[in-house]
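> Starting from these lines, generate the structure:
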Amino acid sequence: MNLPKEVIEACRKKLIDTKEALLNQITEARNAFYMSDEKGGDEADQTLRILAESEFLNRTERIRLHLLEVESALARIEAGTFGICEETEEPIEKERLLAIPWTRLSIEGAEIRESMKKRFAR
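Here you go, the predicted model:
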């Protein structure tokens with residue numbers, strides 16, 4: 001089953017919009033972090049600065065991982081492999097792609113991965 005061009009284009013647009021929003025989030029987080037980067041202060045100020053830095057790093061890492069997923073989906077569109085489940089190699093549901101265009105798994109594929117994680121987590 002090939003995806004209709006309208007679905008692929010809708011997903012591409014959503015991916016590009018998401019990529020732009022993620023890049024803006026990184027810029028905003030960086031600006032906010034560096035604006036509050038004051039030197040000196042007592043131990044409490046230094047502790048707060050360390051906590052803010054840790055939160056900044058965690059947030060940018062989450063954004064970076066999401067950005068990688070978006071970039072990967074855009075690459076799959078270009079390669080002609082967009083919409084194919086990595087687990088089952090079957091088409092991913094159109095509704096799922098429209099909701100989460102960076103997804104790599106169909107609902108069935110996600111369930112298989114989840115059951116495998118549970119099985120090997122023990």
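
> what's the burial count for residue 105?
18 (other CB atoms under 10 Å). (Each C-beta comes from the backbone N, C-alpha and C, glycine too.)

> That one and residue 92 touch, don't they?
Yes - the pair residue 105 and residue 92 passes the contact test of CB atoms under 8 Å, sitting 7.1 Å apart.

> Any chance you could list residues touching both of those two?
When CB atoms under 8 Å, 6 or more residues apart in numbering defines a contact, the residues bordering residue 105 and residue 92 alike are residue 85.

> Find the residue at the geometric middle of this structure.
residue 66 (1.8 Å; CA atoms, centre = their mean).

> For that one, give me its contacts.
Taking CB under 8 Å, 6+ apart, we find residue 66 in contact with 18, 22, 102.

> For the second one, pull up the helix or strand it's in.
Counting by DSSP states H and E, the element that carries residue 22 is helix 5-35.
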